[in-house]
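# Make a model of this:
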Amino acid sequence: MDKPDSTLGRDLALYTALRLVLVAVVAVALVLFDVPLLVSIAVGLVVGFPLGLLLFRGLNTRVTAGLAERHKGRNAERARLRSQLRGDA
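Now for the predicted structure:
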């Protein structure tokens, strides 16, 4: 089975790419309605990123869980190393 870090990296890259594509789609749609490019990009960012949180909720949950798991492992390793430095272990 895949390592958690490899699936986390894949999920994070996919989630980031999907959110950027969503921003681009919103911006292009606005440009088609003769909205200036910079305004379209700004509105795309303001609308696209929160919309991405709603549309890609499952992927967001997987990324968040993967980051929490990775953080938990790093905290355990840090605590073990600090314990060794204190001479407890």
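# Give me the number of neighbouring residues for residue 18.
By other Cβ atoms under 10 Å, the residues close to residue 18 number 15. Using the backbone N, CA and C atoms, a C-beta is placed for each residue, glycine as well.
# mind listing what it touches?
52, 56, 59 (Cβ atoms under 8 Å, 6 or more residues apart in numbering).
# how about it, secondary structure?
helix (DSSP: H, G, I helix; E, B strand; the rest coil).
# Tell me how far it lies from residue 27.
As judged by Cβ to Cβ, to the nearest Å, residue 18 and residue 27 stand 15 Å apart.
# go on, residue 77?
42 Å.
# out of these two, which sits in the more crowded spot?
Set residue 77 next to residue 27 and count neighbours by other Cβ under 10 Å: residue 27 wins out with 22 against 10.
# My guess is residue 14 contacts residue 59. True?
Yes: proximity of residue 14 to residue 59 meets the contact threshold set by Cβ atoms under 8 Å, at 6.5 Å.
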